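build me a model:
(one chain, ligands or ions: 2)
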Amino acid sequence: MITLALSKGRIFDETLPLLAAAGIEVLEDPEKSRKLILPTNQDGVRVVLVRATDVPTYVEYGGADIGVTGKDVLIEHGGAGLYQPLDLRIAQCHMAVAAPAGFDYLRAVRQGSRITVATKYTAIARNFFADKGVHVDLIKLYGSMELAPLTGMADAIVDLVSTGKTLKANNLVEVEHIMNISSRLVVNQAALKLKTAPIRRIIDSFAAAVGSAT
Ligand code: ADP
Ligand code: MG
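Residues are numbered from 1 along each chain as shown. Ligands and ions are numbered 1, 2, ... in the order given. The predicted structure is shown next:
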């Protein structure tokens, strides 16, 4: 049995065509079913639904053999013990610093001021500002980062941006592009040794579907 960990929403939806390329069809719609383990058309393959931030953990500890997870989540997790054979180029967006239009971020940086930054992505934010030599006080949040500057709790946020609509709706402006983000295939290294052929088959089908070499 091969267990694939996915998160609901964008990653699940964008992984379905890749699974189809591997001849795998998920037999239930996670938006309609309450099940956390979904069968597929192949007896030897099942999908487990976990929180996006839990995908690397499930694969690291063998709760799943393989998984699909954002580069953002992987960096925050650390990626220890995970084989990362493939950038799937799905769920594309970028990590950015954003601030209210009224906060002169560049001036604050130039003057060496301390900046308070709210984010779910503390590892990425810490590295980014350390590399720039900017002094930051980080506030860890688990959602709706946009609210932090609007309530006066933070000067700026570090968050994922795709269309920029959410920033705009909350009067925030992107002031720094940190890195491009897409989702990757992650594999449990022990599983790869024990179940080499079926896991290789999935990796190779996914690679062919996204047009990259392994
Ligand atoms: P959650 O809401 O549980 O934190 P999401 O479904 O919002 O998770 O995001 C899951 C993954 O999808 C993220 O880790 C990221 O890699 C990617 N992602 C998040 N937001 C966007 C976006 N706006 N556009 C494209 N991909 C995104
Ligand atoms: Mg979300």
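
pLDDT at the residue of the chain positioned farthest from its centre, what is it?
Among the C-alpha atoms of the chain, the one farthest from their average position, using C-alpha atoms, centre = their mean, is that of Gln111, at 33.2 Å. We have a pLDDT of 96 for Gln111.

mind giving me the packing neighbours of the strand or helix carrying Asp131?
Taking DSSP states H and E as the criterion, Asp131 maps to helix 122-132. Counting contacts by 3 or more C-beta pairs under 8 Å, 6 or more residues apart in numbering; DSSP states H and E, helix 122-132 is packed against helix 71-77, strand 115-119, strand 136-140, strand 156-161, strand 172-188. In short, each C-beta sits where N, CA and C put it, glycine included.

next, the buried residues of the next helix or strand after the third one.
The helix or strand immediately downstream of strand 136-140 is helix 147-150, counting by DSSP H and E. The neighbour-count criterion (16 or more other C-beta atoms under 10 Å) identifies Ala148, Pro149 as the buried residues of helix 147-150.

name the residues that touch helix 147-150?
Contact with helix 147-150 is made by 99-100, 103, 118, 139, 141, 153-157, 170-172, as judged by C-beta atoms under 8 Å, 6 or more residues apart in numbering.

one more time with 10 Å
The contact list for helix 147-150 (C-beta atoms under 10 Å, 6 or more residues apart in numbering) reads 98-100, 102-103, 116-119, 139, 141, 144, 153-157, 159, 170-172.

with adjacent residues omitted, what lies nearest to the residue most central in space within the chain?
Nearest to the mean C-alpha position of the chain, by C-alpha atoms, centre = their mean, lies Gly70 at 2.3 Å. Closest residue in space to Gly70, ignoring its immediate chain neighbours: Ser183 at 5.2 Å, by C-beta to C-beta, 6 or more residues apart in numbering.

who touches that neighbour in this structure?
6-7, 10-11, 14-15, 52, 55, 67-74, 86-93.
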